[in-house]
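pasting the sequence and the predicted model now:
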Amino acid sequence: MSSNPINIKKVAEMAGVSVASVSRTINGKDGVGKATRQKVLDTCKKLNYNPSLTARKLSSGKEVSVAILLSKNDTQLSPYVTLMYGYLLEELQKRGLAPEIVDHEEVDTISERASSCLVIAATEGDRRITSLREQNIPFVNIGKKIDGWWVAPDEFTGIRQITLDLINKGRRRVAFVVAEDSSDIEDNVRYLGYVSALETAGLPREAVIFEGRHFQSMHACSHFFRNPELLEKYDGFVCNSDEIALGILDAIQHQDRKVPQDIAVTGFDDLPVVSSNLTTVRQDLLHIAEKAAESLELAKKGVDPFGVVSPVVVISRQTA
């Protein structure tokens with residue numbers, strides 16, 4: 001039984017375009033119209049055709065390799081990293097680039113393995129930023145504003161709005177919940193958004209800081225399970241992440257308290273599936289990935305850096 005292999009010629013035939021147009025599209029080259037480019041990408045997806053970025057990397061070396069540099073608090077299995085990587089992969093592939101996840105401890109080796117870098121959630125003073133600058137590696141920071149190229153969600157506005165929503169619904173004892181692994185709380189933009197809302201309403205600010213990681217809900221659950229008085233003290237929790245909020249909701253199930261009647265709980269991220277019932281702030285990860293890839297191209301050309309604020313939206317569901 002014979003079969004016709006899927007290749008550039010077959011994609012061109014199915015899409016009704018030239019082989020050159022297909023080649024330019026999958027290699028991220030200019031000279032292809034937007035409609036034609038989309039037609040090629042749709043055909044590749046339909047045929048399940050994915051040109052080997054590995055082979056391209058072998059032939060082009062580190063020039064096509066982009067390091068995705070994790071923070072010390074992230075792992076490849078964390079929900080946010082998994083989602084963000086998927087969007088970045090798609091955007092980089094459009095440009096003929098091959099992403100490679102790099103642990104924060106390996107930052108000093110990036111010049112040996114990649115020509116550019118996308119950094120996850122670095123703040124000014126982060127050793128990763130210092131190392132990349134010393135290695136003269138073009139980079140874009142994702143998630144936080146720094147002195148240089150960055151793309152970040154509008155965290156301040158999102159958390160401020162979701163906190164004001166709780167206050168407008170009658171909540172008066174609202175705490176901000178964050179993991180100890182985060183940066184100093186006074187430098188946390190989400191916390192500052194929460195503080196701004198409370199100051200507007202003339203209410204006191206209070207933070208619950210627990211030992212653990214922000215992306216592991218079990219750490220938050222354990223803290224509230226061991227400190228049930230917190231569930232009596234507050235009538236609202238504004239959480240630094242969806243995972244923290246989910247951990248608190250698990251703890252509440254073991255107490256004589258109801259959500260949202262007695263306690264309102266909100267998150268940040270809007271993670272698919274796991275956050276389906278959670279009132280939260282949604283990041284536009286596709287927009288962030290698109291702008292990060294575009295900014296990286298400009299950074300590699302030596303253009304003066306600037307930042308991009310990605311819009312967020314409050315998603316009201318069953319927990320607030």
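Received the coordinates, thanks.

in what helix or strand does the spatially closest residue to residue 254 that is not a sequence neighbour lie?
The spatial neighbour of residue 254 that comes closest, neighbours along the chain excluded (CB to CB, 6 or more residues apart in numbering), is residue 225 at 6.5 Å. Yep, even glycine has a C-beta here, placed from its N, CA and C like the rest. Counting by DSSP states H and E, the element that carries residue 225 is helix 217-226.

list the buried residues in that helix.
Residues 217, 219-225 are the ones in helix 217-226 that count as buried (16 or more other CB atoms under 10 Å).

got it, and stretch 298-312?
By neighbour count, and taking 16+ other CB under 10 Å as the criterion, the buried residues in stretch 298-312 are 299, 305, 307-308, 310, 312.

quickly note the distance from the residue nearest the centre of the chain to residue 139.
By CA atoms, centre = their mean, the mean C-alpha position of the chain lies nearest to residue 84, the distance being 4.9 Å. Using CB to CB, to the nearest Å, residue 84 is found at 15 Å from residue 139.

swap in residue 36?
For residue 36, the distance to residue 139 - CB to CB - is 32 Å.

so which of these two has more stuff around it?
It is residue 139, of residue 36 and residue 139, that has more neighbours when counted by other CB atoms under 10 Å, with 29 against 18.

confirm for me that that one is in contact with residue 295.
No - using CB atoms under 8 Å as the test, residue 139 is too far from residue 295 to be in contact (9.6 Å).

quick check: neighbours shared by the two?
Common neighbours of residue 139 and residue 295 are listed as residue 149 (criterion: CB atoms under 8 Å, 6 or more residues apart in numbering).

now whatever helix or strand residue 24 lives in, how far from the chain's geometric center?
Secondary structure from DSSP H and E places residue 24 in helix 19-26. Its chain's C-alpha centre and that of helix 19-26 lie 30 Å apart, by CA atoms, centre = their mean, to the nearest Å.

so which other helices or strands are in contact with that helix?
Using 3 or more CB pairs under 8 Å, 6 or more residues apart in numbering; DSSP states H and E as the contact criterion, the secondary-structure elements in contact with helix 19-26 are helix 8-15, helix 34-46.

quick one, what contacts residue 250?
With contact set as CB under 8 Å, 6+ apart, residue 250 has these partners: 217, 221.

and it, that's in a strand?
No - applying DSSP: H, G, I helix; E, B strand; the rest coil, one finds residue 250 to be helix, outside a strand.

where along the stretch 51-200 of the chain do the strands fall?
Ranges of strands within the stretch 51-200 of the chain are 65-69, 98-102, 116-120, 139-142, 150-153, 174-179, based on DSSP state E, counting those that start in this stretch.

what's the most buried one of those strands?
strand 139-142 (a mean of 28; mean count of other CB atoms under 10 Å).

need the CA coordinates for that one. PDB is fine.
Only the C-alpha atoms of strand 139-142 are listed here, as PDB (Å, rounded to 0.1, in the frame of the first residue of the first chain):
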ATOM      1  CA  PHE A 139      15.600  39.300  25.700                       C
ATOM      2  CA  VAL A 140      12.000  40.200  26.500                       C
ATOM      3  CA  ASN A 141      10.600  39.900  30.000                       C
ATOM      4  CA  ILE A 142       7.100  38.300  30.200                       C
END
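
ok, it: who's next to it in the sheet?
Taking DSSP bridges as the criterion, strand 139-142 forms sheet pairs with strand 116-120 (parallel), strand 150-153 (parallel).

go through the ones you listed and name the closest to residue 267.
Put simply, out of the strands paired with strand 139-142 the one that sits nearest residue 267 is strand 150-153, at 13.3 Å, with distance taken as CB to CB.

just send the helices and strands packed on helix 19-26 back as CSV, with distance to residue 110 and mean pLDDT too.
Formatted as CSV, the entries for the helices and strands packed on helix 19-26 read as follows, by distance: least, CB to CB, whole Å; pLDDT from 0 to 100:
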stretch, distance to residue 110, mean pLDDT
helix 8-15, 32, 82
helix 34-46, 29, 81
